[in-house]
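Enquirer: The following comprises the amino acid sequence and a computationally predicted model.
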Amino acid sequence: MRRKTNKICKQSGVIPYRVRDGKVEVLLITNRKRQSWVIPKGGVCKGMTPPDSAAKEAWEEAGVIGRVNTEKIGAYKYRKRGNIYRVHLFWLPVDQVLEDWPEASQRERIWLDINHAAMIVKENSLKRILQTSKEQVKV
């Protein structure tokens, strides 16, 4: 009997950030059920690069716009409904925070110090990326 091999679904996401009073703040959003804090992410859209697709997710899920840094800062995996997802992450310096966006009624968002953000996200590998990559942010 053959074991089913799980296909790894590719996603891209961003860590939206801004600099306030010389300190870096990152934006977290809730998942659709508003149960946990996450970053904007989703499947890579056909015909788009991972950074461009991640920017689209940031607009749809978090209502933020900016120019994604195309240098990957890390990747993490998570499981959902029996599938394994691998998320490639990019920094997104936020230029614009919209009052209305596609998923505004489904999500909450919060700006936090990067260390606090690392404490409240659920995925351990995302925690590590937040904790170790903060030196890469351009202040």
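Expert: The structure has been received and is ready for your questions.
Enquirer: for the protein, longest helix please?
Expert: Secondary structure of the chain read by DSSP state H shows that its longest helix is helix 124-133.
Enquirer: Between its first and last residues, what's the separation in stretch 104-121?
Expert: Distance between the two ends of stretch 104-121: 20 Å, counting by C-alpha to C-alpha, to the nearest Å.
Enquirer: My error: substitute stretch 105-112 in the last question.
Expert: Stretch 105-112 has an end-to-end distance of 21 Å (criterion: C-alpha to C-alpha).
Enquirer: Counting neighbours, show which residues of it come out buried.
Expert: Buried residues in stretch 105-112, counted by 16 or more other C-beta atoms under 10 Å: 107, 109, 111-112. The C-beta positions use only the backbone N, C-alpha and C, and glycine is treated the same way.
Enquirer: Can you list the neighbours in contact with that stretch?
Expert: Contact with stretch 105-112 is made by 18, 20, 25-32, 34, 37, 61-63, 120, as judged by C-beta atoms under 8 Å, 6 or more residues apart in numbering.
Enquirer: What's the mean pLDDT across that stretch?
Expert: Mean pLDDT, stretch 105-112: 96.
Enquirer: any low-confidence regions in the chain?
Expert: Along the chain, segments meeting pLDDT under 70 span 1-6, 134-135, 137-139.
Enquirer: the strands in it, which residues?
Expert: For the chain, applying DSSP state E gives strands covering 8-20, 23-30, 37-38, 41-43, 64-66, 74-80, 83-97, 109-113.
Enquirer: Compare these and give me the one nearest Thr132.
Expert: Nearest to Thr132, of all the strands of the chain, is strand 74-80, at 8.0 Å by C-beta to C-beta.
Enquirer: Give me the helices and strands touching the closest one, please.
Expert: Packing partners of strand 74-80 (3 or more C-beta pairs under 8 Å, 6 or more residues apart in numbering; DSSP states H and E): strand 83-97, helix 124-133.
Enquirer: Dump these into JSON lines; add distance to Gly42 and mean neighbour count as well.
Expert: Shown next, in JSON lines, are the helices and strands packed on strand 74-80 (distance: least, C-beta to C-beta, whole Å; neighbours: other C-beta atoms under 10 Å):
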{"stretch": "strand 83-97", "distance to Gly42": "9", "mean neighbour count": "18"}
{"stretch": "helix 124-133", "distance to Gly42": "15", "mean neighbour count": "16"}
